[in-house]
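Novice: sharing a sequence plus its predicted fold:
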Amino acid sequence: MFDIKWIREHQGAFDAGLRKRGLRPGGDIKFAAELMALDEARRKAVSRVQEVQAERNAASKEIGRAKTARDEAKAASLMAQVTALKQELTAGEMAQAAADRALEDALSVIPNLPSEDVPVGEDERSNKQVRRVGEQPCFGPYKPRHHYEIGEALGLMDFQTAAKLSGARFVVLKGTLARLERALAQFMLDLHTREFGYTEVNPPLLVRGEVMFGTAQLPKFKDDQFATMRRASVDEAAAAIDKILDRGGGAASTRLAQALIDEMVGLWLIPTAEVPLTNLVRESIRDEEELPIRLTAYTPCFRAEAGAAGKDTRGMIRQHQFSKVELVSITTPAQSAHEHERMVQCAEEVLKRLGLSYRTMVLCAGDMGFSARKTYDIEVWLPAQDTYREISSCSMCGDFQARRMHARYRSKAGKEVRYVHTLNGSALAVGRTLIAILENYQQADGSVAVPDALVDYMGGMRQIAKD
């Protein structure tokens, strides 16, 4: 989220950053000129409220003087004036609140501005490879099979039963594949906590709306989230919405319906552990000596995948529920860039120890996530797809999330309070790591070799085979 004062003083840089992201004036995202108009309306509303308050206070004092002088006619006139000013003040405060809300709503859906060193481009075709590591496996005479073919043949991966339980984009893992997923998570957590200094956290999986707003999942990406309901059943909600729409429809009725839905939302299921981990410092002021704070968590993640219709419909690549080990760092501005590189190295180390080939890409401005100033994607080699697929995304967010969370730190001298910088990254997406192991370590007889780094975590097991 942006400081309107900064935008006012850097309008050219602000607009240039939005254009670098591929945005143009006239769309849903407001550029500097439109924001300045909203800000001017807000400032005028604030100024008028202050003027009316001053007039009311002055008139109230005059009433006392008039009564002391026994000038009842003047006192009555002044009292009528105060009554009118109170009404104007109420209207003015409502106008000020509406102006504040309009500006905040506009600012809340504006993405972060990309760093100067982020490549220009509209989509993944403009991403730049930073490095490629490891050898792609050779399978000789046979064609490598997809992970879902391997898992189903082993009898350990069941999409049909999952669909009966929950619908599409879910999976049931059984036996040694369920154990492999657990082993991967433990291996990653041990690596990050024992060797890289991250503190393990077991956070809530359900969070408040303001927490989702803090890391910018809301309001822009509401449709990608899952939420619980309260105060009414789903049927009652649907009936109430129908009643609103029956009153005439149109944009006003649609907004009322949406407001009703928002009112009934209880808690939100986390789409990533980034949400609760980053918000651990919300509404606080930390001492500079505490920074950087490095946190990690292994959690289920829940995403509606609203924009993923028709994409990766087979297998585990894109699920509504998946597991991930997340890294989050809270730093000073001076530490931020170095911490970003360090985080990427931590994520890469997981793949190195698992013996998986990967490449690291710096994303262009048009392909970055909403909160990011700069992002590295790590993509693992999947033989059956004959391509690299994302397995980790590590982003530096600057103070963008910190402003939304009101998260700050006090300098060592104790004289200055500034916003922290936040960073987050997957290290790694556990389900996709399992996919990569199945495809890269598959054997001609249908079994799967266990990477050396996981043998102890698998109780000495070196091969996953059908019973």
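Specialist: Here it is on my side, so go on. Residues are numbered from 1 along each chain as shown.
Novice: what about the residue of the chain most remote from its centre, distance to I63?
Specialist: The outermost residue of the chain, judged against the average C-alpha position, is R70 (65.7 Å), by Cα atoms, centre = their mean. As judged by Cβ to Cβ, to the nearest Å, R70 and I63 stand 13 Å apart. Every C-beta, even on glycine, is put in place using the N, C-alpha and C of the backbone.
Novice: for K324, same thing?
Specialist: Between K324 and I63 the computed distance is 66 Å (Cβ to Cβ).
Novice: what's the following helix or strand after the lowest-mean-pLDDT helix or strand in the chain?
Specialist: For the chain, the helix or strand with the lowest mean confidence is helix 250-264, at a mean of 61 (criterion: mean pLDDT, DSSP states H and E). Tracing the chain C-terminally past helix 250-264 and defining elements by DSSP states H and E, one meets strand 265-269 next.
Novice: which other helices and strands does the very next helix or strand once past that next one contact?
Specialist: Using DSSP H and E, the next helix or strand after strand 265-269 towards the C-terminus is helix 274-278. Helix 274-278 is packed against helix 209-214, strand 293-302, strand 321-331, strand 421-429, with contacts defined by 3 or more Cβ pairs under 8 Å, 6 or more residues apart in numbering; DSSP states H and E.
Novice: quick one: mean pLDDT for helix 274-278?
Specialist: Mean per-residue pLDDT for helix 274-278: 98.
Novice: now do stretch 109-118
Specialist: 97.
Novice: same deal with stretch 352-366?
Specialist: Mean predicted confidence for stretch 352-366 is 98.
Novice: buried ones in that stretch?
Specialist: By neighbour count with 16 or more other Cβ atoms under 10 Å, stretch 352-366 contains the buried residues 354-366.
Novice: do the same with stretch 176-185
Specialist: T176, L177, R179, L180, E181, R182, A183, L184, A185.
Novice: which residues does it contact?
Specialist: 151, 154, 156-157, 173, 298, 323, 325, 430-431, 433-434, 437, 450, 454, 457-458, 461, 464 (Cβ atoms under 8 Å, 6 or more residues apart in numbering).
Novice: filter those residues down to just the ones in helices.
Specialist: Within the contacts of stretch 176-185, residues falling in helices by DSSP state H are G151, L154, V430, G431, T433, L434, I437.
Novice: right, and the second one touches D445 too?
Specialist: Just to be clear, that refers to L154. No: using Cβ atoms under 8 Å, L154 is not in contact with D445, being 11.3 Å away.
Novice: those two: who's more crowded?
Specialist: L154 (20 against 8; other Cβ atoms under 10 Å).
Novice: which non-adjacent residue is nearest the more buried one?
Specialist: Spatial nearest neighbour of L154, chain neighbours left out: K466 (5.0 Å); criterion: Cβ to Cβ, 6 or more residues apart in numbering.
Novice: that neighbour: neighbour count?
Specialist: For K466, using other Cβ under 10 Å, the count is 12.
Novice: and it, which of the three is it?
Specialist: coil (DSSP: H, G, I helix; E, B strand; the rest coil).
Novice: farthest-separated two in the ones in helices among the contacts of stretch 176-185?
Specialist: Checked with Cβ to Cβ, the ones in helices among the contacts of stretch 176-185 reach their widest spread between L154 and V430, with 18.3 Å between them.
Novice: follow-up on the earlier one: in strands only, show me the buried residues of stretch 352-366.
Specialist: Of the positions in these, Y358, R359, T360, M361, V362 sit in strands, assigned by DSSP state E.
Novice: of those residues, just say which sits nearest to D39.
Specialist: V362 (34.1 Å).
Novice: across the sheet, point out what pairs with the closest one.
Specialist: K128, Y376 (DSSP bridges).
Novice: check contacts around it.
Specialist: V118, P119, N127, K128, V130, K374, T375, Y376.
Novice: and A238, what's its pLDDT?
Specialist: For A238, pLDDT reads 68.
Novice: oh sorry, the question was meant for I241
Specialist: 65.
Novice: ok so, going back, overlap of the contact sets of L154 and D445?
Specialist: Common neighbours of L154 and D445 (Cβ under 8 Å, 6+ apart) are A465.
Novice: got JSON lines for the buried residues of stretch 352-366, with distance to G398 too?
Specialist: Output for the buried residues of stretch 352-366, formatted as JSON lines (distance: Cβ to Cβ, whole Å):
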{"residue": "L354", "distance to G398": "32"}
{"residue": "G355", "distance to G398": "35"}
{"residue": "L356", "distance to G398": "31"}
{"residue": "S357", "distance to G398": "32"}
{"residue": "Y358", "distance to G398": "26"}
{"residue": "R359", "distance to G398": "26"}
{"residue": "T360", "distance to G398": "21"}
{"residue": "M361", "distance to G398": "20"}
{"residue": "V362", "distance to G398": "16"}
{"residue": "L363", "distance to G398": "15"}
{"residue": "C364", "distance to G398": "18"}
{"residue": "A365", "distance to G398": "14"}
{"residue": "G366", "distance to G398": "18"}
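Novice: among those, which one lies nearest to R418?
Specialist: Closest to R418 out of the buried residues of stretch 352-366 is A365 (25.6 Å), distances taken as Cβ to Cβ.
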